[in-house]
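*Asks:* Here is my input, please return the structure:
(one chain, ligands or ions: 2)
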Amino acid sequence: MRTAQSTVAAAPPRPAAQVRNVALVGHTGAGKTTLLEALVHAAGALARPGRVEDGTTVSDSDELEQRRGHSINLALAAVEHAGVKLNLFDTPGSPDLLGELRAGLRACDAVLFVVSAAGGLDAVTAQLWAECASVGIPRAVVVTQLDRPRADFDEAVALCQRVLDEAVLPLHLPMHDDDGSVAGLIDLLRESVVDHSSGERVEHPADPEHRTLITSLRAELVEAVIAESEDETLLDRYLEGEELDPAVLVADLETAVARAHFHPALACAPLTGVGVRELLDLLALGFPSPLEHPCPPVTRPDGSPAAPLACDPDGPLAAEVVRTTTDAYLGRVSLVRVFSGTLRPDAAVHVSGHQADRAAHDGDERVGALSSPLGATLRPVPYCPAGDVCTVVRLVSAETGDTLSDVDDPLRMATWELPDPQLPVAVAAASPADEDRLAAALTRLAAEDPALRIQRQQDTGQQLLWTAGSAHADVLLDRLRATVAVETPPVLVAQRQTLAGPVRVTGRHVKQSGGHGQYAVVVLEVAPGPAGSGIVWETRVVGGAVPTAFHSSVEKGVRTQAASGVTSGTPLTDLHVTLVDGKSHAVDSSDAAFQAAGALALREAVSAAGTVALQPWSQVEVTVPTAYLGSVLSDLRGRHARVLGSLPVEGDDDLSVVQAQLPDLELLSYAVALRGVSHGTGRFRRDPLGFEPPSTR
Ligand SMILES: Nc1nc2c(ncn2[C@@H]2O[C@H](COP(=O)(O)OP(=O)(O)O)[C@@H](O)[C@H]2O)c(=O)[nH]1
Ligand SMILES: [Mg+2]
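*Replies:* Ligands and ions are numbered 1, 2, ... in the order given. Below you'll find the predicted structure:
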């Protein structure tokens with residue numbers, strides 16, 4: 001269902017100086033989608049704002065989002081304000097949907113942190129802020145939902161200063177009516193009041209009663225803003241009491257934001273319209289343009305060096321696919337950020353890129369029409385210059401994360417980093433008739449979502465989706481089920497056996513009838529080996545009882561039998577096997593006979609000594625804010641883990657790394673557990689350790 005109702009055609013493409021790419025981030029429920037809707041409406045691109053509850057917003061255009069009542073995809077709304085093109089990215093708040101968020105961060109030049117005045121800050125948002133800070137992405141804060149009963153702007157700003165950065169400073173203060181409802185804003189820089197109490201937006205100079213409120217806050221703000229000014233005399237002049245031109249202050253504000261030294265905080269109540277216009281102004285006039293954002297590094301598709309790029313519409317083409325969707329009518333729709341050069345409709349482009357364990361791309365294609373999206377509504381544009389974002393139809397091979405470049409000047413951008421997905425979900429076609437459709441649907445999912453890894457598990461034969469968490473898994477399963485009937489059997493872990501104890505056994509392959517080459521006798525000593533040792537082979541035959549030529553035949557017979565298992569098809573491992581003796585026949589011995597004798601001997605060993613079931617274990621490295629270290633450790637102990645140690649991350653005391661070993665069975669849902677005990681902030685990676693008997697737990 002298409003609900004986004006654009007009232008205007010797409011704005012013409014603008015040079016990079018007049019483009020702003022901004023991602024809205026914040027936890028689920030903070031109010032991002034509602035705020036974006038108000039911005040789009042205020043910018044004149046919507047006749048009437050939609051509501052999240054009704055599934056009518058621009059950014060929650062997907063049926064799944066409408067059903068769930070919150071965003072799961074990266075969405076883009078492109079609008080115009082004050083002669084500037086604003087590409088506004090709405091991101092999902094769940095830490096499980098980090099893949100969509102990362103793509104949004106890649107495509108934007110600045111981030112707007114959306115904080116609910118009634119909700120507080122979550123750990124994931126704080127973590128994300130720190131991450132943006134470490135790479136110097138310009139940031140601002142908007143305190144939204146001011147109309148809520150327990151909304152407290154001052155408290156929200158104080159929290160941001162404490163948790164995010166003390167350089168978060170308000171540009172406005174909310175102004176309340178006698179009944180406590182938000183009536184408007186006090187603009188600290190301009191020393192004016194924006195009054196909505198009449199139902200219209202009316203601006204007038206601040207009254208004396210507001211002046212006292214303004215004075216001290218304004219001083220701090222102005223000093224922070226002009227500290228970055230090119231004009232070094234400004235601060236002195238200000239301190240000497242000179243009135244500074246608000247236009248000069250706004251220009252310096254942009255510099256201060258762009259350098260990521262200062263983070264303006266705005267007040268907003270999108271449902272009443274308060275603060276919406278001011279936010280649009282800040283985005284258009286106070287946020288940095290793509291010209292101030294260094295291009296991601298590029299290489300040739302083979303990894304050899306290429307000249308660094310600048311945001312230049314006449315430079316070589318370098319654009320990146322940040323989102324891929326499939327439309328019933330249009331086919332594949334790719335959302336593309338152009339970093340250098342100009343993308344034109346129907347142009348031939350080189351597509352290159354690769355994700356871990358996916359096919360590498362390196363070929364030429366032709367792009368179809370270009371559009372500037374407003375949610376699901378695609379509005380045609382004639383071209384897309386460096387710094388801008390557009391959607392492209394008809395790219396067949398391009399996947400999320402791939403680079404588009406000139407055919408004669410192929411380039412590849414290093415793609416953005418994503419943590420390894422760690423929550424496995426098994427999927428199977430509900431009927432044989434669905435199998436082909438499932439394979440096609442999985443290929444499509446993989447192309448759309450770099451946060452997903454698809455694996456056919458050799459041992460168990462299961463088709464696994466490795467997802468970032470339960471919310472991600474739910475979204476993927478919903479998508480699959482839209483086209484194919486799938487079941488989700490429990491995820492199995494690989495099983496192994498080893499011998500219960502050492503034995504000495506004989507394998508006799510002696511056939512009187514059946515012709516040549518049927519005589520082989522081997523004596524083996526078979527003993528369980530240490531965990532993870534696999535099958536260790538040794539020969540200690542004296543006096544040529546088994547001719548050297550057949551030693552490897554025996555070994556092969558043993559290894560093949562171990563791999564296919566003896567009882568219930570469970571493979572055997574961690575065995576030390578020694579060939580100690582045997583018999584051969586000058587004419588009737590053969591490679592095949594000695595293989596058969598080796599296999600027989602192993603079967604003998606199993607029936608004589610019995611077996612022990614083994615479980616796979618893995619080594620995990622958990623990275624978590626030190627504040628949650630205690631809960632993570634106690635949770636690990638509850639999972640029979642061997643905790644090897646924990647250390648602060650070098651250069652960042654707020655983060656700790658835990659090394660532990662635990663059974664794979666306990667790891668099946670560890671992604672979900674870690675999410676819980678670390679409030680969404682923990683990450684882990686795993687390396688297989690081998691198989692161990694249950695008693696070692
Ligand atoms: N009263 C009020 N409710 C809001 C406001 N902003 C969002 N909401 C509601 O809060 C819920 C979450 O909002 P949404 O925009 O989906 O948040 P998101 O998850 O950050 O995109 C929805 O039910 C919204 O209707 C606001 O400013 N005032
Ligand atoms: Mg949302």
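*Asks:* Off-centre distance for stretch 374-384?
*Replies:* Remark: stretch 374-384 is offset 25 Å from the chain centroid, using Cα atoms, centre = their mean, to the nearest Å.
*Asks:* again, but for stretch 163-178
*Replies:* 31 Å.
*Asks:* tell me which parts of this structure are close to ligand 2?
*Replies:* Remark: the part of the chain in contact with ligand 2 comprises 32, 33, 71, using Cβ under 5 Å from the ion. (Each C-beta comes from the backbone N, C-alpha and C, glycine too.)
*Asks:* Could I have the ChimeraX command that selects the buried members from the residues you listed?
*Replies:* Restricted to buried positions by 16 or more other Cβ atoms under 10 Å, the ChimeraX selection for the residues of the chain next to ligand 2 reads:
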select :32,33,71
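*Asks:* Might you report the residue contacts of residue 504?
*Replies:* Going by Cβ atoms under 8 Å, 6 or more residues apart in numbering, residue 504 touches 523, 524, 525, 526, 580.
*Asks:* Residues in contact with the helix or strand harbouring residue 85: which ones?
*Replies:* Following DSSP states H and E, one finds residue 85 within strand 84-90. Residues outside strand 84-90 that contact it (Cβ under 8 Å, 6+ apart): 11, 13-14, 18-24, 32-33, 36, 39-40, 43, 59, 71, 74-80, 104, 107-108, 280, 283-285, 388-389.
*Asks:* and it, how far out from the chain's middle?
*Replies:* The answer for strand 84-90 is 21 Å, by Cα atoms, centre = their mean.
*Asks:* Report the rounded mean pLDDT for the helix or strand following it.
*Replies:* Going down the chain from strand 84-90, the next helix or strand is helix 98-107, by DSSP H and E. The pLDDT scores in helix 98-107 average 89.
*Asks:* Run through the neighbouring helices and strands of the next helix or strand after helix 98-107.
*Replies:* Later in the chain than helix 98-107, the nearest helix or strand by DSSP H and E is strand 110-116. On a contact count with 3 or more Cβ pairs under 8 Å, 6 or more residues apart in numbering; DSSP states H and E, strand 110-116 meets strand 19-25, helix 123-134, strand 139-144, helix 153-163.
*Asks:* winner for burial among the ones you listed?
*Replies:* strand 139-144 (a mean of 28; mean count of other Cβ atoms under 10 Å).
*Asks:* just so I know, which of the helices and strands packed on strand 110-116 lies nearest residue 417?
*Replies:* Evaluated over the helices and strands packed on strand 110-116, closeness to residue 417 peaks at helix 123-134, with 10.3 Å, by Cβ to Cβ.
*Asks:* Does the closest one reach ligand 1?
*Replies:* No. Helix 123-134 lies apart from ligand 1 when judged by Cβ under 6 Å from any ligand atom; the minimum separation is 10.7 Å.
*Asks:* Quick one: work out the angle between that helix and strand 19-25.
*Replies:* Between helix 123-134 and strand 19-25, the angle comes out at 150 degrees (axes from the mean of the first three to the mean of the last three Cα atoms, to 10 degrees).
*Asks:* what about helix 123-134, average pLDDT?
*Replies:* 88.
*Asks:* Check stretch 60-70 too.
*Replies:* On average, stretch 60-70 scores 83.
*Asks:* is it anywhere near ligand 1?
*Replies:* Yes. Using Cβ under 6 Å from any ligand atom, stretch 60-70 reaches ligand 1 at residue 70.
*Asks:* got the end-to-end distance for that stretch?
*Replies:* End-to-end distance for stretch 60-70, by Cα to Cα, to the nearest Å: 7 Å.
*Asks:* cool, and stretch 267-277?
*Replies:* 11 Å.
*Asks:* and it, is it in reach of ligand 1?
*Replies:* Yes. Stretch 267-277 is in contact with ligand 1 by Cβ under 6 Å from any ligand atom, via 269, 270, 271.
*Asks:* Now, those residues that are in strands?
*Replies:* Taking DSSP state E, every one of the residues of stretch 267-277 next to ligand 1 sits outside strands.
*Asks:* I'd like to know which of the residues you listed is nearest to ligand 2.
*Replies:* residue 270 (12.5 Å; Cβ to the ion).
*Asks:* now the contacts of residue 504: which count as buried?
*Replies:* 523, 524, 525, 526, 580.
*Asks:* And the residue of the stretch 401-550 of the chain closest to ligand 2?
*Replies:* residue 471 (12.8 Å).
*Asks:* need the contact list for that residue.
*Replies:* Per Cβ under 8 Å, 6+ apart, neighbours of residue 471: 72, 94, 96, 97.
*Asks:* Please pick the buried ones from the residues you listed.
*Replies:* Buried among those by 16+ other Cβ under 10 Å: 72, 94, 96, 97.
*Asks:* Give me the buried subset of the contacts of strand 84-90.
*Replies:* 11, 13-14, 18-24, 32-33, 36, 39-40, 43, 59, 71, 74-80, 104, 107-108, 280, 283-285, 388-389.
*Asks:* Strands - which of those land there?
*Replies:* Per DSSP E, the subset of those in strands is 19-24, 75-80, 389.
*Asks:* Going by distance to residue 574, which of those wins?
*Replies:* Nearest member of these to residue 574, counting by Cβ to Cβ, is residue 23, at 50.0 Å.
*Asks:* hang on, the closest one packs against residue 113?
*Replies:* No. Using Cβ atoms under 8 Å, residue 23 makes no contact with residue 113, being 9.6 Å away.
*Asks:* Near ligand 1, which residues of the chain? Just list them.
*Replies:* Residues of the chain lying near ligand 1 (Cβ under 6 Å from any ligand atom): 26, 28-34, 52-53, 70-71, 93, 144-145, 147-148, 269-271.
*Asks:* angle of the strand holding residue 85 against strand 75-81?
*Replies:* Going by the same axes, to 10 degrees, strand 84-90 makes 160 degrees with strand 75-81.
*Asks:* what's the angle between strand 84-90 and strand 110-116?
*Replies:* Going by the same axes, to 10 degrees, strand 84-90 makes 50 degrees with strand 110-116.
*Asks:* avg pLDDT for strand 84-90?
*Replies:* Strand 84-90 comes out at a mean pLDDT of 96.
*Asks:* which neighbours does it have in its sheet, and in what orientation?
*Replies:* Strand pairing for strand 84-90, using DSSP bridges, gives strand 19-25 (parallel), strand 75-81 (antiparallel).
*Asks:* starting at the chain centroid, how far to the first one?
*Replies:* How far strand 19-25 lies from its chain's middle: 18 Å, per Cα atoms, centre = their mean.
*Asks:* what's next to the helix or strand hosting residue 235, contact-wise?
*Replies:* Using DSSP H and E, residue 235 maps to helix 233-239. Under the contact criterion Cβ under 8 Å, 6+ apart, helix 233-239 has outside partners 222, 223, 226, 227, 229, 244, 248, 252.
*Asks:* how about 10 Å then?
*Replies:* 219, 222-223, 225-229, 231, 240, 242-244, 248-249, 252 (Cβ atoms under 10 Å, 6 or more residues apart in numbering).
*Asks:* from these, which is closest to residue 297?
*Replies:* Of all the contacts of helix 233-239, residue 228 has the smallest distance to residue 297: 26.9 Å, by Cβ to Cβ.
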